[in-house]
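*Asks:* Structure, please.
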Amino acid sequence: MALPGFKVITLTDAAANRVKDIIGKADRPIVGVRVGVKNGGCAGMSYTMEYAETATPLDEVVEDKGVTVLVDPKAVLFLLGTEMDFETSKMASQFVFRNPNQTSACGCGESVAITPAVPEMLQSAH
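*Replies:* Numbering: from 1, shown residues only. From the prediction side, this is the model:
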């Protein structure tokens, strides 16, 4: 689905280290994490993340900084060009998605509006 040589999603060192920690502490064998988007929330969509025991044939498999991230095939166009980070503050520790396709977010930070990327535009810029 994605362009050859173009990663749908990239990870910061902090995100990669956190995914490695999650994999190491999982109560069952997992190959990585699966990210996606789902409809809902006040802005229209929210990011999802879950353990991935195996890759499905349609998953976009991203290897970055020694970890595997599987992107739900329904989310690829919404996540193209996204950087996944892990931030820790006094109030929370959480994964953060810096997504160039995101057009707005709600005040609670749980819901976002995302416009799908247009593959033709990426090809000309690649």
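*Asks:* center of the protein - which residue?
*Replies:* Nearest to the mean C-alpha position of the chain, by CA atoms, centre = their mean, lies residue 35 at 4.6 Å.
*Asks:* what helix or strand does the closest residue in space to that one that isn't next to it in sequence sit in?
*Replies:* Of all residues beyond its chain neighbours, the one nearest residue 35 is residue 49 (5.2 Å), with distances taken as CB to CB, 6 or more residues apart in numbering. No exception for glycine: its C-beta is placed from N, CA and C like everyone else's. If you go by DSSP states H and E, residue 49 is part of strand 45-52.
*Asks:* and whichever helix or strand comes after that strand, what does it pack onto?
*Replies:* Per DSSP H and E, the first helix or strand lying C-terminal to strand 45-52 is strand 60-64. For strand 60-64, the packing partners by 3 or more CB pairs under 8 Å, 6 or more residues apart in numbering; DSSP states H and E come out as strand 9-11, strand 67-71.
*Asks:* so for the shortest one, what's the average pLDDT?
*Replies:* Put plainly, it is strand 9-11. Across strand 9-11, pLDDT averages out at 95.
*Asks:* Other residues contacting that strand?
*Replies:* 19, 35, 62, 64-65, 67, 69, 71, 79, 82-85 (CB atoms under 8 Å, 6 or more residues apart in numbering).
*Asks:* Return the set of buried residues in the helix or strand that that strand is followed by.
*Replies:* Downstream of strand 9-11, the first helix or strand assigned by DSSP H and E is helix 13-25. When neighbours are counted by 16 or more other CB atoms under 10 Å, the buried residues of helix 13-25 are found to be 15, 16, 18, 19, 22, 23.
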